[in-house]
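Trainee: give me a model of this one.
(chains A and B)
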Amino acid sequence: MIRRLAAAALAAALTLPSAAQELRLGATHTLEDSGVLPVLVDAFTKATGIPVRAVVAGTGQVMKYAENGDVDVVFTHSRKDEEKLVARGIGLARADVMWNDFVIAGPASDEARVRGSRDAAAALKKIRAAGSKFVSRGDDSGTQKKELELWAAGGGFSAWPGYLSSGQGAGRTLIMAYEMDAYDFVDRATLKQLSPRYPLAILVEGDPRLLNEYGVTTLKPAANRAVRTREADSFARWIVSQPARAIIAGYRVQGERAFYLPGEKRR
Amino acid sequence: MYLLDATQQAFLRLAGGDRELWTIVWVSLRVSLLALALATPFAIATGFWIASHRFAGRRFAIVALQGLLSFPTVVVGLILYLLLSRSGPLGPWHLLFTQDAMIIGQAVIAFPVLAAFTLAAVAGADPRLRETAVSLGAGPLRSALTSLYEVRFAVIAGVLNGFGRVISEVGCSMMVGGNIAGLTRNIPTAIALETSKGDFAQGIALGTVLMFFAFVVVALLAVIQEERKPQ
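Mentor: You can find the predicted model right below:
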(Lines give C-alpha, C1' and ligand atoms only; values in the text may rest on other atoms or scores of the structure.)
Protein backbone atom coordinates (compact mmCIF):
# COMPACT_ATOMS: atom_id res chain seq x y z
CA MET A 1 0.00 0.00 0.00
CA ILE A 2 2.67 2.43 1.10
CA ARG A 3 4.84 1.33 -1.76
CA ARG A 4 2.03 1.94 -4.21
CA LEU A 5 1.45 5.40 -2.76
CA ALA A 6 5.13 6.15 -3.00
CA ALA A 7 5.18 4.98 -6.59
CA ALA A 8 2.19 7.16 -7.40
CA ALA A 9 3.81 10.15 -5.72
CA LEU A 10 7.02 9.54 -7.63
CA ALA A 11 5.13 9.24 -10.89
CA ALA A 12 3.30 12.47 -10.14
CA ALA A 13 6.56 14.20 -9.26
CA LEU A 14 8.11 13.02 -12.51
CA THR A 15 5.22 13.92 -14.75
CA LEU A 16 4.46 17.31 -13.21
CA PRO A 17 7.49 19.25 -14.45
CA SER A 18 7.26 17.95 -18.01
CA ALA A 19 3.53 18.67 -18.13
CA ALA A 20 4.15 22.29 -17.12
CA GLN A 21 7.12 23.16 -19.31
CA GLU A 22 6.36 26.79 -18.97
CA LEU A 23 8.43 29.48 -20.53
CA ARG A 24 9.91 32.02 -18.15
CA LEU A 25 9.84 35.31 -19.98
CA GLY A 26 11.77 38.26 -18.58
CA ALA A 27 9.89 41.38 -19.67
CA THR A 28 10.17 45.08 -18.89
CA HIS A 29 7.79 47.24 -16.91
CA THR A 30 6.83 49.28 -19.96
CA LEU A 31 5.53 46.19 -21.76
CA GLU A 32 3.38 45.34 -18.78
CA ASP A 33 2.29 48.90 -18.01
CA SER A 34 1.31 49.60 -21.61
CA GLY A 35 -0.89 46.50 -21.52
CA VAL A 36 0.60 44.79 -24.57
CA LEU A 37 2.40 42.01 -22.70
CA PRO A 38 -0.63 39.98 -21.57
CA VAL A 39 -2.13 40.26 -25.06
CA LEU A 40 1.01 38.88 -26.70
CA VAL A 41 1.54 36.21 -24.06
CA ASP A 42 -2.04 34.95 -24.30
CA ALA A 43 -1.86 34.77 -28.08
CA PHE A 44 1.45 32.91 -27.90
CA THR A 45 0.08 30.37 -25.42
CA LYS A 46 -3.00 29.89 -27.55
CA ALA A 47 -0.93 29.37 -30.70
CA THR A 48 1.68 27.03 -29.25
CA GLY A 49 0.19 25.54 -26.09
CA ILE A 50 3.25 26.71 -24.12
CA PRO A 51 2.31 28.36 -20.84
CA VAL A 52 4.26 31.51 -20.03
CA ARG A 53 5.32 32.98 -16.73
CA ALA A 54 6.16 36.59 -17.35
CA VAL A 55 8.61 38.04 -14.86
CA VAL A 56 8.28 41.81 -15.02
CA ALA A 57 11.19 44.02 -14.01
CA GLY A 58 13.37 46.86 -15.25
CA THR A 59 15.64 46.00 -18.17
CA GLY A 60 18.81 46.07 -16.07
CA GLN A 61 17.25 43.66 -13.66
CA VAL A 62 15.93 41.40 -16.42
CA MET A 63 19.52 41.18 -17.71
CA LYS A 64 20.59 39.99 -14.25
CA TYR A 65 17.80 37.40 -14.25
CA ALA A 66 19.10 36.21 -17.62
CA GLU A 67 22.62 35.94 -16.27
CA ASN A 68 21.46 33.99 -13.22
CA GLY A 69 19.38 31.60 -15.31
CA ASP A 70 16.11 32.77 -13.76
CA VAL A 71 14.45 33.34 -17.16
CA ASP A 72 14.56 31.55 -20.53
CA VAL A 73 14.17 34.47 -22.90
CA VAL A 74 14.14 38.25 -22.47
CA PHE A 75 11.92 40.91 -24.03
CA THR A 76 13.51 44.26 -23.25
CA HIS A 77 14.22 47.73 -24.63
CA SER A 78 17.88 48.50 -24.36
CA ARG A 79 19.58 47.46 -27.58
CA LYS A 80 23.02 48.18 -26.12
CA ASP A 81 22.46 45.83 -23.18
CA GLU A 82 20.87 43.18 -25.34
CA GLU A 83 23.81 43.21 -27.74
CA LYS A 84 26.18 43.14 -24.78
CA LEU A 85 24.35 40.07 -23.46
CA VAL A 86 24.97 38.29 -26.75
CA ALA A 87 28.58 39.50 -26.90
CA ARG A 88 29.21 38.15 -23.40
CA GLY A 89 28.00 34.74 -24.47
CA ILE A 90 24.94 34.78 -22.23
CA GLY A 91 22.52 35.70 -24.98
CA LEU A 92 22.28 33.62 -28.12
CA ALA A 93 20.52 35.86 -30.62
CA ARG A 94 18.64 39.15 -30.58
CA ALA A 95 15.84 40.20 -32.91
CA ASP A 96 14.00 43.49 -33.34
CA VAL A 97 10.35 43.16 -32.41
CA MET A 98 8.76 46.59 -32.34
CA TRP A 99 9.32 50.20 -31.40
CA ASN A 100 7.64 53.37 -30.21
CA ASP A 101 9.06 56.45 -28.54
CA PHE A 102 9.68 58.13 -25.25
CA VAL A 103 8.31 61.52 -24.32
CA ILE A 104 8.88 64.03 -21.57
CA ALA A 105 5.54 64.52 -19.88
CA GLY A 106 4.56 66.84 -17.09
CA PRO A 107 1.98 69.13 -15.57
CA ALA A 108 0.11 71.32 -18.04
CA SER A 109 1.40 74.37 -16.15
CA ASP A 110 4.90 73.46 -17.43
CA GLU A 111 6.89 75.74 -15.14
CA ALA A 112 10.19 74.87 -16.84
CA ARG A 113 8.71 75.93 -20.21
CA VAL A 114 9.82 72.93 -22.22
CA ARG A 115 6.60 72.47 -24.16
CA GLY A 116 7.10 72.05 -27.88
CA SER A 117 10.85 71.51 -27.66
CA ARG A 118 12.25 68.86 -30.01
CA ASP A 119 15.54 68.63 -28.15
CA ALA A 120 15.00 66.22 -25.27
CA ALA A 121 18.48 66.71 -23.79
CA ALA A 122 18.06 70.49 -23.70
CA ALA A 123 14.59 70.11 -22.21
CA LEU A 124 15.94 68.01 -19.34
CA LYS A 125 18.54 70.68 -18.66
CA LYS A 126 15.82 73.34 -18.61
CA ILE A 127 13.85 71.30 -16.08
CA ARG A 128 16.93 71.13 -13.90
CA ALA A 129 17.66 74.83 -14.35
CA ALA A 130 14.11 75.67 -13.29
CA GLY A 131 14.54 73.46 -10.23
CA SER A 132 11.30 71.70 -11.10
CA LYS A 133 10.33 68.31 -9.76
CA PHE A 134 11.24 65.38 -11.98
CA VAL A 135 10.55 61.76 -11.11
CA SER A 136 13.12 59.38 -12.52
CA ARG A 137 12.71 55.62 -12.56
CA GLY A 138 16.06 55.16 -10.85
CA ASP A 139 15.81 51.40 -11.26
CA ASP A 140 18.37 50.66 -13.96
CA SER A 141 15.53 50.10 -16.43
CA GLY A 142 15.63 50.65 -20.17
CA THR A 143 13.72 53.88 -19.65
CA GLN A 144 16.22 55.15 -17.11
CA LYS A 145 19.15 54.12 -19.28
CA LYS A 146 17.66 56.24 -22.05
CA GLU A 147 17.14 59.16 -19.68
CA LEU A 148 20.78 58.93 -18.57
CA GLU A 149 21.89 58.82 -22.22
CA LEU A 150 20.06 62.08 -22.76
CA TRP A 151 21.69 63.64 -19.70
CA ALA A 152 25.06 62.52 -21.03
CA ALA A 153 24.25 64.02 -24.41
CA GLY A 154 23.37 67.28 -22.70
CA GLY A 155 26.70 67.52 -20.89
CA GLY A 156 26.28 65.22 -17.93
CA PHE A 157 23.95 64.63 -15.06
CA SER A 158 23.95 66.26 -11.67
CA ALA A 159 21.12 65.85 -9.22
CA TRP A 160 19.07 68.72 -7.81
CA PRO A 161 16.60 68.70 -4.92
CA GLY A 162 13.62 68.27 -7.24
CA TYR A 163 15.12 65.20 -8.90
CA LEU A 164 13.34 62.25 -7.33
CA SER A 165 14.35 58.68 -7.92
CA SER A 166 11.37 56.38 -7.46
CA GLY A 167 12.96 52.99 -8.00
CA GLN A 168 9.65 51.76 -9.41
CA GLY A 169 8.06 50.79 -12.69
CA ALA A 170 6.95 53.12 -15.47
CA GLY A 171 3.30 53.17 -14.43
CA ARG A 172 3.89 53.82 -10.75
CA THR A 173 6.51 56.44 -11.52
CA LEU A 174 4.08 58.26 -13.79
CA ILE A 175 1.42 58.16 -11.08
CA MET A 176 3.91 59.66 -8.64
CA ALA A 177 4.75 62.41 -11.11
CA TYR A 178 1.06 63.15 -11.55
CA GLU A 179 0.46 63.22 -7.79
CA MET A 180 3.37 65.58 -7.22
CA ASP A 181 2.97 67.79 -10.28
CA ALA A 182 6.35 66.66 -11.51
CA TYR A 183 7.93 65.96 -14.88
CA ASP A 184 8.34 62.38 -16.03
CA PHE A 185 10.33 60.57 -18.69
CA VAL A 186 8.11 57.82 -20.00
CA ASP A 187 7.31 55.71 -23.05
CA ARG A 188 4.29 56.86 -24.99
CA ALA A 189 2.34 53.60 -24.64
CA THR A 190 2.46 53.66 -20.83
CA LEU A 191 1.53 57.33 -20.78
CA LYS A 192 -1.46 56.72 -23.05
CA GLN A 193 -2.52 53.73 -21.03
CA LEU A 194 -2.63 55.79 -17.83
CA SER A 195 -3.76 59.09 -19.30
CA PRO A 196 -7.49 58.75 -18.55
CA ARG A 197 -6.86 58.58 -14.80
CA TYR A 198 -3.53 60.35 -14.58
CA PRO A 199 -3.51 63.00 -17.28
CA LEU A 200 0.04 64.26 -17.74
CA ALA A 201 0.65 66.48 -20.75
CA ILE A 202 3.10 65.40 -23.44
CA LEU A 203 5.55 68.29 -23.53
CA VAL A 204 8.57 67.08 -25.46
CA GLU A 205 8.42 64.60 -28.33
CA GLY A 206 9.86 63.99 -31.76
CA ASP A 207 13.57 64.00 -30.89
CA PRO A 208 15.07 61.08 -32.86
CA ARG A 209 17.02 60.12 -29.74
CA LEU A 210 13.68 59.30 -28.06
CA LEU A 211 13.37 56.11 -30.10
CA ASN A 212 12.33 53.16 -27.93
CA GLU A 213 13.18 49.81 -29.50
CA TYR A 214 12.08 46.45 -28.16
CA GLY A 215 13.96 43.25 -28.88
CA VAL A 216 13.74 39.61 -27.91
CA THR A 217 16.96 37.85 -26.95
CA THR A 218 17.24 34.10 -26.49
CA LEU A 219 19.73 32.76 -23.98
CA LYS A 220 22.52 30.27 -24.28
CA PRO A 221 22.22 27.29 -21.95
CA ALA A 222 25.10 26.96 -19.51
CA ALA A 223 26.00 25.03 -16.38
CA ASN A 224 24.19 27.52 -14.14
CA ARG A 225 21.45 28.30 -16.64
CA ALA A 226 18.93 25.57 -17.34
CA VAL A 227 17.31 27.41 -20.22
CA ARG A 228 14.22 25.87 -21.80
CA THR A 229 15.63 26.27 -25.26
CA ARG A 230 12.80 24.72 -27.20
CA GLU A 231 10.12 26.94 -25.64
CA ALA A 232 12.36 30.00 -25.82
CA ASP A 233 13.00 29.38 -29.51
CA SER A 234 9.30 29.00 -30.21
CA PHE A 235 8.70 32.35 -28.55
CA ALA A 236 11.52 34.08 -30.42
CA ARG A 237 10.19 32.71 -33.72
CA TRP A 238 6.57 33.46 -32.92
CA ILE A 239 7.09 37.06 -31.77
CA VAL A 240 8.41 38.07 -35.24
CA SER A 241 5.88 35.92 -37.11
CA GLN A 242 2.98 37.32 -39.08
CA PRO A 243 0.30 36.65 -36.42
CA ALA A 244 2.36 38.40 -33.73
CA ARG A 245 3.12 41.32 -36.05
CA ALA A 246 -0.60 41.66 -36.71
CA ILE A 247 -1.28 41.84 -32.97
CA ILE A 248 1.44 44.45 -32.44
CA ALA A 249 0.24 46.54 -35.37
CA GLY A 250 -3.35 46.24 -34.21
CA TYR A 251 -2.70 47.00 -30.54
CA ARG A 252 -4.29 50.30 -29.64
CA VAL A 253 -4.27 52.39 -26.49
CA GLN A 254 -6.83 55.18 -26.33
CA GLY A 255 -7.59 54.52 -29.98
CA GLU A 256 -4.00 55.07 -31.10
CA ARG A 257 -1.31 52.73 -32.35
CA ALA A 258 1.00 52.03 -29.40
CA PHE A 259 3.78 50.11 -31.16
CA TYR A 260 5.25 50.01 -34.65
CA LEU A 261 6.97 47.18 -36.48
CA PRO A 262 10.67 47.31 -37.37
CA GLY A 263 11.14 49.26 -40.59
CA GLU A 264 7.64 50.67 -40.37
CA LYS A 265 7.19 54.46 -40.39
CA ARG A 266 4.83 56.10 -37.95
CA ARG A 267 1.34 56.58 -39.42
CA MET B 1 29.77 31.81 -3.32
CA TYR B 2 26.96 34.07 -4.34
CA LEU B 3 25.49 34.57 -0.88
CA LEU B 4 28.91 34.76 0.77
CA ASP B 5 30.23 37.23 -1.78
CA ALA B 6 27.23 39.47 -1.37
CA THR B 7 27.48 39.29 2.42
CA GLN B 8 31.16 40.16 2.36
CA GLN B 9 30.49 43.14 0.11
CA ALA B 10 27.66 44.16 2.40
CA PHE B 11 29.94 44.40 5.42
CA LEU B 12 32.54 46.28 3.43
CA ARG B 13 29.88 48.83 2.52
CA LEU B 14 28.66 49.13 6.09
CA ALA B 15 32.16 49.61 7.39
CA GLY B 16 33.12 51.94 4.56
CA GLY B 17 30.40 54.42 5.50
CA ASP B 18 28.54 54.12 2.18
CA ARG B 19 26.58 57.38 2.12
CA GLU B 20 23.53 56.07 0.24
CA LEU B 21 23.24 53.16 2.63
CA TRP B 22 23.46 55.24 5.79
CA THR B 23 20.99 57.78 4.42
CA ILE B 24 18.48 54.94 4.07
CA VAL B 25 19.16 53.86 7.66
CA TRP B 26 18.70 57.44 8.84
CA VAL B 27 15.37 57.82 7.01
CA SER B 28 14.16 54.60 8.60
CA LEU B 29 15.13 55.63 12.12
CA ARG B 30 13.84 59.16 11.79
CA VAL B 31 10.45 58.13 10.38
CA SER B 32 9.88 55.33 12.87
CA LEU B 33 10.96 57.33 15.92
CA LEU B 34 8.83 60.32 14.95
CA ALA B 35 5.89 58.00 14.25
CA LEU B 36 6.24 56.56 17.75
CA ALA B 37 6.54 60.04 19.25
CA LEU B 38 3.32 60.95 17.45
CA ALA B 39 1.39 57.82 18.39
CA THR B 40 2.57 57.19 21.94
CA PRO B 41 0.70 59.93 23.86
CA PHE B 42 -2.62 59.19 22.15
CA ALA B 43 -2.15 55.45 22.41
CA ILE B 44 -1.26 55.51 26.11
CA ALA B 45 -4.17 57.82 26.85
CA THR B 46 -6.54 55.55 24.91
CA GLY B 47 -5.25 52.37 26.52
CA PHE B 48 -5.39 53.89 29.97
CA TRP B 49 -8.84 55.30 29.49
CA ILE B 50 -10.33 52.03 28.26
CA ALA B 51 -8.65 50.13 31.11
CA SER B 52 -9.79 52.41 33.89
CA HIS B 53 -13.31 53.32 32.84
CA ARG B 54 -16.50 51.37 32.69
CA PHE B 55 -18.60 52.35 29.71
CA ALA B 56 -21.01 50.88 27.22
CA GLY B 57 -19.17 49.10 24.43
CA ARG B 58 -15.98 48.75 26.47
CA ARG B 59 -15.69 45.08 25.64
CA PHE B 60 -16.13 45.89 21.97
CA ALA B 61 -13.44 48.56 22.19
CA ILE B 62 -11.01 46.05 23.67
CA VAL B 63 -11.74 43.47 20.99
CA ALA B 64 -11.45 46.11 18.27
CA LEU B 65 -8.10 47.26 19.63
CA GLN B 66 -6.77 43.72 19.72
CA GLY B 67 -8.11 43.12 16.22
CA LEU B 68 -6.26 46.18 15.00
CA LEU B 69 -3.01 44.57 16.16
CA SER B 70 -3.15 42.37 13.11
CA PHE B 71 -4.48 45.02 10.75
CA PRO B 72 -2.51 44.58 7.51
CA THR B 73 -0.09 47.44 7.00
CA VAL B 74 -0.81 47.52 3.27
CA VAL B 75 -4.44 48.28 4.07
CA VAL B 76 -3.32 51.19 6.24
CA GLY B 77 -1.23 52.24 3.25
CA LEU B 78 -4.14 51.90 0.86
CA ILE B 79 -6.53 53.95 2.99
CA LEU B 80 -3.92 56.62 3.63
CA TYR B 81 -3.05 56.70 -0.07
CA LEU B 82 -6.69 57.29 -1.00
CA LEU B 83 -6.97 60.04 1.61
CA LEU B 84 -3.77 61.82 0.60
CA SER B 85 -4.02 61.38 -3.18
CA ARG B 86 -4.60 64.45 -5.30
CA SER B 87 -8.12 63.28 -5.89
CA GLY B 88 -8.60 62.35 -2.22
CA PRO B 89 -10.08 64.52 0.53
CA LEU B 90 -6.68 65.47 1.97
CA GLY B 91 -5.07 65.98 -1.43
CA PRO B 92 -4.54 69.72 -0.95
CA TRP B 93 -2.16 68.97 1.92
CA HIS B 94 0.34 67.60 -0.63
CA LEU B 95 1.55 64.95 1.76
CA LEU B 96 1.65 61.96 -0.57
CA PHE B 97 5.18 60.64 -1.21
CA THR B 98 6.69 62.55 1.69
CA GLN B 99 8.24 61.43 4.96
CA ASP B 100 5.30 63.00 6.76
CA ALA B 101 2.95 60.57 5.03
CA MET B 102 5.15 57.68 6.12
CA ILE B 103 5.22 58.99 9.70
CA ILE B 104 1.44 59.20 9.79
CA GLY B 105 1.14 55.69 8.36
CA GLN B 106 3.57 54.20 10.86
CA ALA B 107 1.91 56.08 13.73
CA VAL B 108 -1.41 54.50 12.75
CA ILE B 109 0.27 51.08 12.59
CA ALA B 110 2.00 51.53 15.98
CA PHE B 111 -1.08 52.91 17.73
CA PRO B 112 -2.93 49.63 18.46
CA VAL B 113 0.25 47.95 19.71
CA LEU B 114 0.96 50.73 22.20
CA ALA B 115 -2.66 51.09 23.25
CA ALA B 116 -3.16 47.34 23.73
CA PHE B 117 0.02 47.02 25.83
CA THR B 118 -1.02 49.96 28.01
CA LEU B 119 -4.53 48.59 28.33
CA ALA B 120 -3.30 45.17 29.43
CA ALA B 121 -0.77 46.67 31.84
CA VAL B 122 -3.19 49.09 33.50
CA ALA B 123 -5.95 46.49 33.68
CA GLY B 124 -3.55 44.09 35.33
CA ALA B 125 -2.18 46.58 37.85
CA ASP B 126 -3.25 46.67 41.46
CA PRO B 127 -6.36 48.90 41.58
CA ARG B 128 -5.64 49.87 45.18
CA LEU B 129 -2.74 51.97 43.99
CA ARG B 130 -4.94 54.40 42.16
CA GLU B 131 -7.53 54.35 44.92
CA THR B 132 -4.80 55.21 47.39
CA ALA B 133 -3.57 58.02 45.18
CA VAL B 134 -7.08 59.40 44.92
CA SER B 135 -7.64 59.09 48.67
CA LEU B 136 -4.41 61.00 49.22
CA GLY B 137 -5.93 63.84 47.26
CA ALA B 138 -4.50 63.24 43.77
CA GLY B 139 -6.58 64.62 40.91
CA PRO B 140 -7.55 62.49 37.90
CA LEU B 141 -4.42 63.41 35.94
CA ARG B 142 -2.14 62.89 38.89
CA SER B 143 -3.64 59.53 39.78
CA ALA B 144 -3.49 58.45 36.12
CA LEU B 145 0.18 59.32 35.95
CA THR B 146 0.79 57.43 39.18
CA SER B 147 -0.85 54.30 37.77
CA LEU B 148 1.04 54.64 34.50
CA TYR B 149 4.30 55.12 36.35
CA GLU B 150 3.62 51.91 38.19
CA VAL B 151 3.26 50.00 34.89
CA ARG B 152 5.94 51.96 33.05
CA PHE B 153 7.96 48.89 32.12
CA ALA B 154 5.01 47.27 30.39
CA VAL B 155 4.31 50.51 28.55
CA ILE B 156 7.93 50.79 27.46
CA ALA B 157 7.76 47.18 26.29
CA GLY B 158 4.74 48.25 24.23
CA VAL B 159 6.71 51.13 22.70
CA LEU B 160 9.58 48.81 21.82
CA ASN B 161 7.18 46.33 20.27
CA GLY B 162 5.62 49.14 18.28
CA PHE B 163 9.08 50.17 17.13
CA GLY B 164 9.75 46.62 16.03
CA ARG B 165 6.56 46.62 14.02
CA VAL B 166 7.08 49.95 12.22
CA ILE B 167 10.83 49.78 11.57
CA SER B 168 10.37 46.61 9.54
CA GLU B 169 7.10 47.60 7.86
CA VAL B 170 7.27 47.74 4.07
CA GLY B 171 3.73 47.87 2.62
CA CYS B 172 2.50 51.20 3.90
CA SER B 173 5.89 52.94 3.54
CA MET B 174 6.11 51.85 -0.08
CA MET B 175 2.59 53.01 -0.89
CA VAL B 176 2.53 56.43 0.75
CA GLY B 177 6.28 57.12 0.75
CA GLY B 178 6.96 56.06 -2.81
CA ASN B 179 10.50 54.78 -2.10
CA ILE B 180 12.12 58.01 -3.31
CA ALA B 181 15.91 57.84 -3.00
CA GLY B 182 17.25 60.01 -0.19
CA LEU B 183 13.77 61.12 0.88
CA THR B 184 11.35 58.31 1.53
CA ARG B 185 13.48 55.25 0.87
CA ASN B 186 13.77 53.41 4.16
CA ILE B 187 15.39 50.09 4.97
CA PRO B 188 12.47 47.79 4.08
CA THR B 189 11.53 49.54 0.82
CA ALA B 190 15.20 49.73 -0.17
CA ILE B 191 15.65 46.01 0.42
CA ALA B 192 12.64 45.33 -1.78
CA LEU B 193 14.09 47.56 -4.49
CA GLU B 194 17.69 46.33 -4.29
CA THR B 195 16.59 42.71 -4.46
CA SER B 196 14.56 43.38 -7.55
CA LYS B 197 17.48 45.34 -9.02
CA GLY B 198 19.80 42.45 -8.30
CA ASP B 199 22.04 44.43 -5.90
CA PHE B 200 21.98 41.78 -3.23
CA ALA B 201 24.93 43.20 -1.30
CA GLN B 202 23.02 46.39 -0.56
CA GLY B 203 19.99 44.32 0.43
CA ILE B 204 22.01 42.19 2.82
CA ALA B 205 23.77 45.22 4.29
CA LEU B 206 20.43 46.88 5.02
CA GLY B 207 18.97 43.64 6.31
CA THR B 208 21.89 43.38 8.69
CA VAL B 209 21.21 46.85 10.07
CA LEU B 210 17.54 45.99 10.44
CA MET B 211 18.38 42.82 12.36
CA PHE B 212 20.75 44.82 14.54
CA PHE B 213 17.86 47.12 15.47
CA ALA B 214 15.73 44.09 16.24
CA PHE B 215 18.42 42.72 18.55
CA VAL B 216 18.77 46.05 20.32
CA VAL B 217 15.03 46.09 20.92
CA VAL B 218 15.00 42.51 22.18
CA ALA B 219 17.97 43.25 24.44
CA LEU B 220 16.20 46.31 25.87
CA LEU B 221 13.09 44.24 26.47
CA ALA B 222 15.19 41.65 28.30
CA VAL B 223 16.78 44.35 30.46
CA ILE B 224 13.36 45.77 31.29
CA GLN B 225 12.09 42.34 32.23
CA GLU B 226 15.05 41.96 34.60
CA GLU B 227 14.37 45.36 36.18
CA ARG B 228 10.79 44.44 36.73
CA LYS B 229 11.45 41.29 38.72
CA PRO B 230 12.35 42.76 42.12
CA GLN B 231 9.06 44.64 42.32
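
Trainee: could you tell me which residues of chain B lie near chain A?
Mentor: B:85-86, B:94, B:96-97, B:178-183, B:185, B:189, B:193, B:196-198 (CB under 8 Å from any CB of the partner chain). Glycine gets a C-beta too; all of them are placed from N, C-alpha and C.

Trainee: pull out the buried residues from the residues you listed.
Mentor: Buried members of the residues of chain B next to chain A, counted by 16 or more other CB atoms under 10 Å in any protein chain shown: B:85, B:96-97, B:178-183, B:185, B:189, B:193, B:196-198.

Trainee: who's in contact with residue 135?
Mentor: Since you didn't name a chain, this refers to chain A. A:Val135 makes contact with A:Leu164, A:Ser165, A:Ser166, A:Thr173, A:Leu174, A:Met176, A:Ala177, A:Met180, A:Ala182, A:Tyr183, A:Asp184 under the criterion CB atoms under 8 Å, 6 or more residues apart in numbering or on different chains.

Trainee: did I read that right, B:Leu12 in a helix?
Mentor: Yes - per DSSP: H, G, I helix; E, B strand; the rest coil, B:Leu12 lies within a helix segment.

Trainee: quick one: residues in contact with the host helix or strand of A:Lys145.
Mentor: Secondary structure assignment for A:Lys145, by DSSP states H and E: helix A:142-153. With contact meaning CB under 8 Å, 6+ apart, helix A:142-153 is reached by A:28-30, A:58-60, A:76-78, A:80-81, A:102, A:120-121, A:124, A:136-138, A:157, A:170, A:185-187, A:209-210, A:212.

Trainee: out of those, who's near chain B?
Mentor: A:Gly58, A:Gly60, A:Gly138.

Trainee: count of residues packed around the first one?
Mentor: So that's A:Gly58. For A:Gly58, the neighbour count with other CB atoms under 10 Å in any protein chain shown is 29.

Trainee: over to the last one?
Mentor: Taking other CB under 10 Å as the neighbour definition, A:Gly138 ends up with a count of 22.

Trainee: next, it: phi, psi?
Mentor: The phi/psi pair for A:Gly138 (degrees, to the nearest 10) reads phi 60, psi 30.

Trainee: ok, it touching A:Gly167?
Mentor: Yes - counting by CB atoms under 8 Å, A:Gly138 does reach A:Gly167; the two are 5.0 Å apart.

Trainee: where do the contact lists of the two overlap?
Mentor: B:Ala181.

Trainee: helix, strand or coil for the closest residue to B:Phe200 other than its chain neighbours?
Mentor: Residue nearest to B:Phe200 in three dimensions, not counting chain neighbours: B:Ala6, with 4.2 Å by CB to CB, 6 or more residues apart in numbering or on different chains. Three-state call for B:Ala6 (three-state DSSP): helix.

Trainee: for A:Gly131, give me its contacts.
Mentor: A:Trp160, A:Pro161, A:Gly162.

Trainee: number of residues surrounding B:Leu220?
Mentor: Other residues close to B:Leu220 by other CB under 10 Å number 15.

Trainee: distance of it relative to B:Phe163?
Mentor: Counting by CB to CB, to the nearest Å, the gap from B:Leu220 to B:Phe163 is 9 Å.

Trainee: swap in B:Ala116?
Mentor: 15 Å.

Trainee: likewise for B:Gly67?
Mentor: 21 Å.

Trainee: which one's more surrounded, those two?
Mentor: B:Phe163 (24 against 11).

Trainee: need the residues of chain A near chain B, please.
Mentor: Residues of chain A lying near chain B (CB under 8 Å from any CB): A:57-58, A:60-61, A:64-65, A:68, A:138-140, A:164-168, A:176, A:178-180.

Trainee: list the buried residues in the helix holding A:Lys145.
Mentor: A:Gly142, A:Thr143, A:Gln144, A:Lys145, A:Lys146, A:Glu147, A:Leu150, A:Trp151.

Trainee: which residues touch A:Asn195?
Mentor: One correction, residue A:195 is Ser, not Asn. A:Gln254.

Trainee: equivalent analysis for A:Pro38, please.
Mentor: Contacts of A:Pro38 by CB under 8 Å, 6+ apart are A:Glu32, A:Ala54.

Trainee: what's the first helix or strand after the host helix or strand of it?
Mentor: Following DSSP H and E, one finds A:Pro38 within helix A:36-48. Using DSSP H and E, the helix or strand that follows helix A:36-48 in sequence is strand A:52-57.

Trainee: off-centre distance for the host helix or strand of B:Ala123?
Mentor: In this structure, B:Ala123 sits in helix B:99-124 according to DSSP H and E. Helix B:99-124 has its C-alpha centroid displaced from the chain centroid by 7 Å (CA atoms, centre = their mean, to the nearest Å).

Trainee: okay, A:Ala182 and A:Ser78: tell me how far apart.
Mentor: 24 Å.

Trainee: next: A:Pro38.
Mentor: If you go by CB to CB, the gap between A:Pro38 and A:Ser78 works out to 22 Å.

Trainee: A:Asp101 against A:Pro208, yeah?
Mentor: No - at 9.1 Å, A:Asp101 does not count as touching A:Pro208 under the criterion of CB under 8 Å.

Trainee: when those two are compared, which one has more neighbours?
Mentor: A:Asp101 (18 against 8).

Trainee: against chain B, how distant is the closest residue to the more buried one other than its chain neighbours?
Mentor: Spatial nearest neighbour of A:Asp101, excluding adjacent residues (CB to CB, 6+ apart): A:Leu210 at 4.7 Å. Between A:Leu210 and chain B the computed distance is 24 Å (CB to the nearest CB, to the nearest Å).

Trainee: how many residues are close by A:Leu210?
Mentor: For A:Leu210, using other CB under 10 Å, the count is 20.

Trainee: contacting residues for it?
Mentor: A:Asp101, A:Phe102, A:Val103, A:Ala120, A:Lys146.

Trainee: which secondary structure element is home to the second one?
Mentor: Right, the one you point to is A:Phe102. Going by DSSP H and E, A:Phe102 is part of strand A:91-106.

Trainee: can you name every helix or strand that that strand contacts?
Mentor: Judged by 3 or more CB pairs under 8 Å, 6 or more residues apart in numbering or on different chains; DSSP states H and E, the packing partners of strand A:91-106 are helix A:79-87, helix A:120-130, helix A:170-180, strand A:183-187, helix A:188-194, strand A:201-204, strand A:211-219, helix A:229-239.

Trainee: tell me which two in the contacts of A:Leu210 are the farthest apart.
Mentor: A:Val103 and A:Lys146 (11.3 Å; CB to CB).

Trainee: any common contacting residues for these two?
Mentor: Counting by CB under 8 Å, 6+ apart, the residues touching both A:Val103 and A:Lys146 are A:Phe185, A:Leu210.

Trainee: low-confidence ranges in chain B?
Mentor: B:1, B:196-197, B:229-231 (pLDDT under 70).
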